[in-house]
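Asker: Quick one: sequence plus predicted model below, questions after.
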Amino acid sequence: MKTILAFFPLLALPGLTAAQEADCLCRNDLAFVYAEMQKLPSYKDQIEGQAASEYRTLYEELQNAVDCRETTAECFSLISRLFIPIRDKHAGVRGVTKRFTQTDLTDSAIVADYRRSEIFLENPRVAVDLDSLHQALSNRGTEEVEGIYYYRDLIVLGLFRTAKPDSLLGVVLRSEFPLWEPGQVVFQLTEYAPNQFHSIHPGLLRRNLLFFKNETYENQRLIETPWKKFPDRIDYHLIEEGAETFSFRTIEEGIDYLRLGDFSINRENRAKADQFYAQIKGQLKSKHLIVDLRNNSGGGNKTSKQFLKLLRSYARKGNVYLLLNRGCKSNCEIFTLTLQRSKKVQALGLPTQGALSYGTNYGRRLPSPSGRFEFVITDMDFSQYLPYEEVGIEPDIRLDYNRDWIEQALEIINGKND
């Protein structure tokens, strides 16, 4: 079993034979990702001249850090650093593992077999008294990233700084989730700016390694992942669970609400979008229209363009209020920027994801030589939006995390009517 040291640089070990070097899984995977990165539109746009020389130096440093004894997690940590200099949130690397179903989690034989697996036994752990850690972290203030976090009612986690001031570990303190047990490290954060982090975080159900380049601590939670300090607090900035993907209703006289939750271009969603568009295209007649784009993770113009045309036409006379959060990504963000060309369109909420300058047309994923990782490539170039990449679209008015967003939008609208 690995200890806390698994996330940090390895100590020098005796040399390997030529045969061992040739079969070095991490070295081969690192070389593969480095070569593929150079084919991306984002690399070609951003990495040239001195930047290309610095990127090559980074790669050589990472290769020199490889000793061919790395665990999967250690190798993933090295590979993920290749993504830091390039702004392209659609590109990425992730671990390849089996996905568990909810039924699997209730099967004691499947769970027991998993707990004997290499991925479970390799998971880094901490050798500290967990009760003492829990007590110490319980006293952290809400403005501090350190503290106690929850994943629903299934996992209690302690997040604390290590001896390296910019490094934090999230450790399971209590677990009712069969795939995780107390003492295991769930994720590592590296702070690159106040309350902003690079994060290596396995999926909780699939246990596949993921890299989040722009994790943020805000409103007593980690924004990119499900961990929060107050599990019972309502997340008003998120669309409520079970909400219809597309919906339209009148909230009060002169104010309508339009929910556009998904611009995916798969056949099922396009059919649903087309049917919804046909139902509402003649109904936008109120003076004010709230358009809810929260958690719309994007898609393509084949789905969104009909709504874009409809709303641009509406905005010649009516007022549009877009509800945005970090779940608005990709085509949702391009949709937003296009609408904002009208002076009668106002954005409310929080900054969007900042994943719009590049895209993937076919969703291609390339397996690494070892088969332990897959490289998510981008093949579409929208680099005219590069100023928004990893930054997002800032709303005209930020809304309060702790109050209902529809009610706040109504206050803004009615304030204009006064």
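Answerer: That came through fine.
Asker: From here on, just use CA atoms for contacts and neighbour counts.
Answerer: OK.
Asker: Now do Asn28: how many residues are near it, please.
Answerer: Asn28 has 18 neighbours, counted by other CA atoms under 10 Å.
Asker: for the record, mean pLDDT for the helix or strand in which it is found?
Answerer: According to DSSP states H and E, Asn28 maps onto helix 25-37. When pLDDT is averaged over helix 25-37, the result is 97.
Asker: One more: stretch 222-233?
Answerer: Mean predicted confidence for stretch 222-233 is 93.
Asker: same check, this time on stretch 99-115
Answerer: What stretch 99-115 shows for mean pLDDT is 89.
Asker: Would you mark the buried spots in it?
Answerer: 111, 115 (16 or more other CA atoms under 10 Å).
Asker: Start and end of it, how far apart?
Answerer: Start-to-end span of stretch 99-115 (CA to CA, to the nearest Å) is 14 Å.
Asker: need the helices for the stretch 201-350 of the chain, in chain order.
Answerer: Taking DSSP state H, counting those that start in this stretch to define them, one finds helices in the stretch 201-350 of the chain at 267-280, 301-314, 331-339.
Asker: Run the chain-centre distance for the last one.
Answerer: What it means is helix 331-339. Remark: helix 331-339 is offset 19 Å from the chain centroid, using CA atoms, centre = their mean, to the nearest Å.
Asker: So for it, what gets flagged as buried?
Answerer: For helix 331-339, the neighbour count (16+ other CA under 10 Å) marks 331-336, 339 as buried.
Asker: okay if I get these as JSON lines plus distance to Ile251 and pLDDT?
Answerer: Formatted as JSON lines, the buried residues of helix 331-339 follow (distance: CA to CA, whole Å; pLDDT from 0 to 100):
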{"residue": "Asn331", "distance to Ile251": "27", "pLDDT": "97"}
{"residue": "Cys332", "distance to Ile251": "24", "pLDDT": "98"}
{"residue": "Glu333", "distance to Ile251": "25", "pLDDT": "98"}
{"residue": "Ile334", "distance to Ile251": "27", "pLDDT": "98"}
{"residue": "Phe335", "distance to Ile251": "24", "pLDDT": "98"}
{"residue": "Thr336", "distance to Ile251": "22", "pLDDT": "98"}
{"residue": "Leu339", "distance to Ile251": "22", "pLDDT": "98"}
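Asker: of these, closest to Glu215?
Answerer: Glu333 (18.9 Å; CA to CA).
Asker: I'd say the closest one and Pro351 touch.
Answerer: No: using CA atoms under 8 Å, Glu333 makes no contact with Pro351, being 10.1 Å away.
Asker: Could you tell me which residues touch both of the two?
Answerer: Both Glu333 and Pro351 are in contact with Ile393, where contact means CA atoms under 8 Å, 6 or more residues apart in numbering.
Asker: still on that earlier bit, give me whichever of the helices of the stretch 201-350 of the chain is most buried.
Answerer: Mean neighbours per residue, mean count of other CA atoms under 10 Å, is largest over those for helix 331-339, with a mean of 22.
Asker: Would you mind getting the angle between that one and helix 301-314?
Answerer: Put simply, helix 331-339 runs at 30 degrees to helix 301-314, going by axes from the mean of the first three to the mean of the last three CA atoms, to 10 degrees.
Asker: Which residues does helix 331-339 contact?
Answerer: Applying CA under 8 Å, 6+ apart, the contact partners of helix 331-339 are 263, 293, 296-301, 304, 308, 311-312, 322, 345, 352, 354-356, 393.
Asker: Mind checking which of the residues you listed are buried?
Answerer: With neighbours counted by 16+ other CA under 10 Å, the contacts of helix 331-339 contain buried members at 263, 293, 296-301, 304, 308, 311-312, 322, 345, 352, 354-356, 393.
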